[in-house]
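Colleague: I would like the atomic coordinates for the input below:
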Amino acid sequence: MNLIVCLKQTFDTEEKVNIENGKVSEDGAKFIINPYDEYALEEAIRLKERFGGEVTAVTIGTDQAESALRTALAMGADKAVLVNDERLFGDEFTTSKVLAAVVKDKDYDLILSGYMSVDNGGGQSGLRLAEELDIPHVNAITKLEVQDNQVVVERDVEGDIEVIESNLPILITAQQGLNEPRYPSLPGIMKAKRKPIEELKAEDLAVDLDQIGSKTKIIDQVLPPKRQEGRILQGEINEQVNELVQLLQGEVNFNG
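Modeller: Residues are numbered from 1 along each chain as shown. The predicted structure follows:
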């Protein structure tokens, strides 16, 4: 079974975000595999262990993103592909076009990714990629079963569970709860250091740079306002209700 995992390197979720000149400062920051992509990677490795085949991890980024691919190899991925070309960096529209160019000629049964990245939360790249490849997709799954040439997946919907069946090949995006990602073993880490990583540039892909440019532009980035301290109302219930109404009316008037 051939599996492709599309992953992204993001800020460690424990990192403090700093904004400088309208951009997120990366000075001294720690980077990790996007947590939702890690669920996708773990699921791919489990499927390989059960059915055989190989797992290929693909990411778009700078030299720094190599560390995410090394982690993927240490966890159990067999191959890694790094698209390292600033001309190919962009929003979800650009990302899906580039990923499609990378994987369209590869032999795959299943493509997996996280349902969103924790840095921008767009949640579009995986679904756009499936549309580019003209294959079915299911978003934000919490359970996956492969039966012959079919998959049966579950996803949470409005407090209930939706069960979907589809034929392979298919693209699925992973939600928290799908599995518990493993830690790379020491032998896996040592082996990963020696494994080659395929690096691609725009010239290696059949893409028209004029046609894959970002459709969105970030104008500015700001931190959210600090949360104000809570206020405990005192007195009888009717007094508290009256005070609360007055406070809410004042907030509405203040916000226009």
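Colleague: Pull out the buried positions in stretch 105-117.
Modeller: Neighbour counts over stretch 105-117 (16 or more other Cβ atoms under 10 Å) mark 108-117 as buried. To be clear about C-beta, it is placed using only N, CA and C from the backbone, and glycine gets the same treatment.
Colleague: wait, stretch 62-75
Modeller: Buried residues in stretch 62-75 (16+ other Cβ under 10 Å): 65-66, 68-75.
Colleague: could you dump those residues to CSV with pLDDT and distance to Val146?
Modeller: Formatted as CSV, the buried residues of stretch 62-75 follow (pLDDT from 0 to 100; distance: Cβ to Cβ, whole Å):
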residue, pLDDT, distance to Val146
Ala65, 95, 29
Glu66, 96, 30
Ala68, 96, 26
Leu69, 97, 25
Arg70, 97, 28
Thr71, 96, 25
Ala72, 97, 21
Leu73, 97, 23
Ala74, 97, 24
Met75, 97, 20
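Colleague: Take the buried residues of stretch 105-117 and write them to CSV, including secondary structure, pLDDT and distance to Gln228.
Modeller: CSV is the format used below for the buried residues of stretch 105-117 (DSSP: H, G, I helix; E, B strand; the rest coil; pLDDT from 0 to 100; distance: Cβ to Cβ, whole Å):
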residue, secondary structure, pLDDT, distance to Gln228
Tyr108, coil, 96, 50
Asp109, coil, 96, 52
Leu110, strand, 97, 47
Ile111, strand, 98, 45
Leu112, strand, 98, 42
Ser113, strand, 97, 38
Gly114, strand, 96, 33
Tyr115, coil, 94, 32
Met116, coil, 94, 29
Ser117, coil, 92, 30
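Colleague: now the residues you listed in CSV, with distance to Val81?
Modeller: What follows is these, written out as CSV (distance: Cβ to Cβ, whole Å):
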residue, distance to Val81
Tyr108, 12
Asp109, 17
Leu110, 16
Ile111, 13
Leu112, 15
Ser113, 14
Gly114, 17
Tyr115, 21
Met116, 21
Ser117, 18
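Colleague: Out of the residues you listed, flag the one nearest to Gly250.
Modeller: Closest approach to Gly250 among the buried residues of stretch 105-117 (Cβ to Cβ): Met116, at 36.7 Å.
Colleague: quick one, phi psi at that closest one?
Modeller: With angles defined as degrees, to the nearest 10, Met116 sits at phi -160, psi 170.
Colleague: Is it in contact with Asn139, as I believe?
Modeller: No: Met116 lies out of contact with Asn139 (Cβ atoms under 8 Å); the separation is 9.5 Å.
Colleague: Need the overlap of contacts for these two.
Modeller: By Cβ atoms under 8 Å, 6 or more residues apart in numbering, Met116 and Asn139 have these common neighbours: 123, 173.
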